[in-house]
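1. The following block contains a protein sequence and its predicted model.
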Amino acid sequence: MRTLELTLQLPDQLAREAEATGLLRPEAIEHLLRQEIRRRQADGLFDAADRLASLDLPSLTAEEVEAEIEAVRQAAAMKAVADTNVVVSGLLWHGPSRQVLDAARAGSIQLFTTANQLAEFQDVLRRPKFAERLTRAAVTADQLVGGYGALAGLVQPLPIPPVIAADPDDDAVLACALAVAADAIVSGDRHLLELAEYQKIPIRAPSQFLADIPKAQQTDS
C-alpha cells in the first residue's frame, strides 16, 4: 500500500458539495480513480481496435480465428505428475522416461511433485543398485533430487481416501495429481497402470503419454 498526500484546488461550491456527499473521503477518491482508469483503458482498447480495423489487410473468417485459438490451446503445456520410477529411469537411462523429462525441460509439459515424492526419490537413489552408478558417474543423490526439484513444481498434495490397497505408497502420486488438476499421471507402476484413471486423470506409461503431448518437442535420447 502506497500513501499519497493530495492537495486539491476546487471552486468553493464544488468543494462544499464534494465534501457534503463524501466524495473527498479516501475510499471515494479511490473509487473515482478506479472508474477513470477503467474508462481510459477501455478508450485505449477501442482506439487500438479502430487502428487495427483500418489496416489494409484481409479480415480473418470466424473459422480461421477459431483455428488460431485451438492452436494456442493445443500448444499450452500439459500438467503431469511423474511417478518415481519414471524419474529414476529418465535420469539414469535413455528412453521414453528420459523423453518425458526432456519435454518438461523444453516447456512442452509441466511436471509437479511433492516433498514426500522427492524424499522417496532420494531414498531410492541411495540403494546399492543405484549408488554404485552414481559414484561411477561422480553424481550425488542430492544433486539429482535438487535438480528434479527445480524442474518440477513443488505442491502440497490433497488428502484422499485409500485407493491402491496393494501399494498404499502409490496414493501419493494420485494425491499430487489431484492437487494440480493434472492432465495425466506418468508411471511404469503396474498398480497405477491397471487403475488407468483417477478422478478423470488418465494414467499413462511414458510411451503412451509422449504420444498424447500436442506438438511436443521431444528429444530422441
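-> Received, thanks.
2. Would you state the strands of the chain in chain order?
-> 78-82, 109-113, 153-154, 184-186, 197-198, 201-204 (DSSP state E).
3. can I get the CA coordinates of the first one in CSV?
-> What that stands for is strand 78-82. Presented in CSV, the C-alpha positions along strand 78-82 are these (Å, rounded to 0.1, in the frame of the first residue of the first chain):
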residue,chain,number,x,y,z
MET,A,78,0.2,-30.2,-20.2
LYS,A,79,0.4,-30.6,-16.4
ALA,A,80,1.6,-34.0,-15.4
VAL,A,81,2.9,-35.9,-12.4
ALA,A,82,5.7,-38.4,-13.0
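4. need the helix or strand of the protein with the lowest average pLDDT.
-> Lowest by mean pLDDT, DSSP states H and E among the helices and strands of the chain is helix 62-75, with a mean of 80.
5. which other helices and strands contact that helix?
-> Counting contacts by 3 or more Cβ pairs under 8 Å, 6 or more residues apart in numbering; DSSP states H and E, helix 62-75 packs against no other helix or strand. All C-beta atoms are positioned from the backbone trio N, CA, C, and that covers glycine.
6. Can you show me the CA trace of it as CSV?
-> Output of helix 62-75 as CSV, limited to C-alpha atoms (Å, rounded to 0.1, in the frame of the first residue of the first chain):
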residue,chain,number,x,y,z
ALA,A,62,-14.6,-17.0,-37.9
GLU,A,63,-13.2,-20.4,-38.8
GLU,A,64,-9.7,-19.0,-39.1
VAL,A,65,-9.9,-17.2,-35.8
GLU,A,66,-11.2,-20.4,-34.1
ALA,A,67,-8.3,-22.4,-35.7
GLU,A,68,-5.8,-20.0,-34.1
ILE,A,69,-7.5,-20.3,-30.7
GLU,A,70,-7.4,-24.0,-30.9
ALA,A,71,-3.7,-23.9,-31.8
VAL,A,72,-2.9,-21.9,-28.7
ARG,A,73,-4.9,-24.4,-26.5
GLN,A,74,-3.1,-27.3,-28.1
ALA,A,75,0.3,-25.7,-27.5
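7. Could you give the separation of it from the chain centroid?
-> Chain-centre distance of helix 62-75: 21 Å, with Cα atoms, centre = their mean, to the nearest Å.
8. just stretch 175-185 next, same as before
-> Worked out by Cα atoms, centre = their mean, stretch 175-185 lies 11 Å from the chain centre.
9. what do you get for stretch 182-197?
-> How far stretch 182-197 lies from its chain's middle: 20 Å, per Cα atoms, centre = their mean.
10. what is the rounded mean pLDDT of it?
-> For stretch 182-197, the mean per-residue pLDDT is 93.
11. Now stretch 31-44: average pLDDT?
-> Confidence over stretch 31-44, taken as the mean pLDDT, stands at 94.
12. if we look at it, which residues are touching it?
-> Stretch 31-44 is contacted from outside by Leu23, using Cβ atoms under 8 Å, 6 or more residues apart in numbering.
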